[in-house]
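Student: Let's see this in three dimensions:
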Amino acid sequence: MKTAVGTARSTSWVHIFADFKEITKARLAISVVFSSIAGYLLGADTIETVSLLLLFFGGYCMVGASNVYNQIIEKDLDALMNRTRNRPIPAGRMSVNTALTVAVVLTLLGVVLLYILNPKTAMFGAISIFLYTSIYTPLKTKTPLSVFVGAFPGAIPFMLGWVAATNDFGIEPGTLFMIQFFWQFPHFWALAWMLDEDYKKGGFKMLPTGKKDTGTALQIIMYTIWMMVASVMPVFGITGRLHLSIVAAVVIFILGMIMLIFAFRLYEKRDNISAKKLMLASVSYITLMQIVYVIDKFI
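Tutor: Predicted coordinates:
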């Protein structure tokens, strides 16, 4: 009997942990925290383990809280879409009150952890939650301009790491912000292209023209080009302490060209397969670009 009870409890905790990962979007949150860690490594004169841990856990709490608030607000719409109907709230595995408690606890914990690093980091983290939850989320069913608004909190993490390391906001974190800001558009519009039919079930208006057409594909191309330009700006010595060697700039430019090729393929074919390839290329780009920046600093 004790074995059966113990097994049941173990299974229960497994389910609770799985729902926690899903409602905080663990994979997305960790990828966002990765951006913050990269920004920290670029800004730090000396790397402190405690600071990295505070940034990792504080950042996860802030991103996780944003995702929980988002799922509370969109619970009825999530129930209409195939990819979201099995989330903890619409599936009935978690109550709204429980989710709200999780969100508030994560918010408070995240603010405190980031404040220990420095007040500016906590401030930008709080701004990110506010923009994502109070402006971006409600606009998703109103206008495609929601993607523009959402690009602001989406671009904060890379910049946040630099601010966490230096307690300063200037041209350097501003450049990191700009890189990730422009990247948001081709990445998210490729995703929205793939999920357009499902998004329409929930009433979301995500594509810039409202359609999977050449107009949307052309905007994806233009923002990809702006992203490439922003990504190599530090090689020209105009971004303060944020430097980039010629070799690193060439590597990043080539990575951008690969992503741009996928964007042109979407323009030509205008199908979901091309959109998926572009989305995957964008994920690879942002990760590899940040790794190149960090490696370039330390070699």
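
Student: And the residue nearest to residue 141 when sequence neighbours are not counted, its phi and psi?
Tutor: The shortest distance from residue 141 to any non-neighbouring residue, by C-beta to C-beta, 6 or more residues apart in numbering, is to residue 203 (4.7 Å). Where you see a C-beta, it was placed from the backbone N, CA and C, and this is true even at glycine. Phi and psi for residue 203, reported as degrees, to the nearest 10, are phi 80, psi 20.

Student: Correct me if wrong: residue 203 contacts residue 77.
Tutor: Yes. With contact defined as C-beta atoms under 8 Å, residue 203 counts as touching residue 77 (6.5 Å).

Student: Between these two, which contacts overlap?
Tutor: The contact sets of residue 203 and residue 77 overlap at residue 141 (C-beta atoms under 8 Å, 6 or more residues apart in numbering).

Student: Who has more neighbours out of the two?
Tutor: When neighbours are counted by other C-beta atoms under 10 Å, residue 203 and residue 77 differ, and residue 77 comes out ahead with 18 against 12.

Student: Give the helix, strand or coil label for residue 241.
Tutor: Following DSSP: H, G, I helix; E, B strand; the rest coil, residue 241 is assigned to coil.

Student: Report the mean per-residue pLDDT for the host helix or strand of residue 273.
Tutor: When elements are defined using DSSP states H and E, residue 273 is found to belong to helix 272-298. For helix 272-298, the mean pLDDT works out to 96.

Student: Then stretch 210-229?
Tutor: For stretch 210-229, the per-residue pLDDT averages 96.

Student: distance between it and the chain's centre?
Tutor: Using C-alpha atoms, centre = their mean, to the nearest Å, the mean C-alpha position of stretch 210-229 is found 19 Å from that of the whole chain.

Student: How about residues contacting that stretch?
Tutor: Contact partners of stretch 210-229, identified using C-beta under 8 Å, 6+ apart, comprise 144, 179, 182-183, 185-186, 189-190, 193, 196, 207-209, 253, 256-257, 259-260, 263-264, 266-267, 270, 275, 278.

Student: Can you say which of those are buried?
Tutor: For those, a neighbour count by 16 or more other C-beta atoms under 10 Å gives the buried set as 144, 179, 182-183, 185-186, 189-190, 193, 196, 207-208, 256, 259-260, 263, 266-267, 270, 275, 278.

Student: Could you identify the helix or strand that succeeds the lowest-mean-pLDDT helix or strand in the chain?
Tutor: Within the chain, no helix or strand scores below helix 2-23, which has a mean of 73 by mean pLDDT, DSSP states H and E. Downstream of helix 2-23, the first helix or strand assigned by DSSP H and E is helix 26-43.
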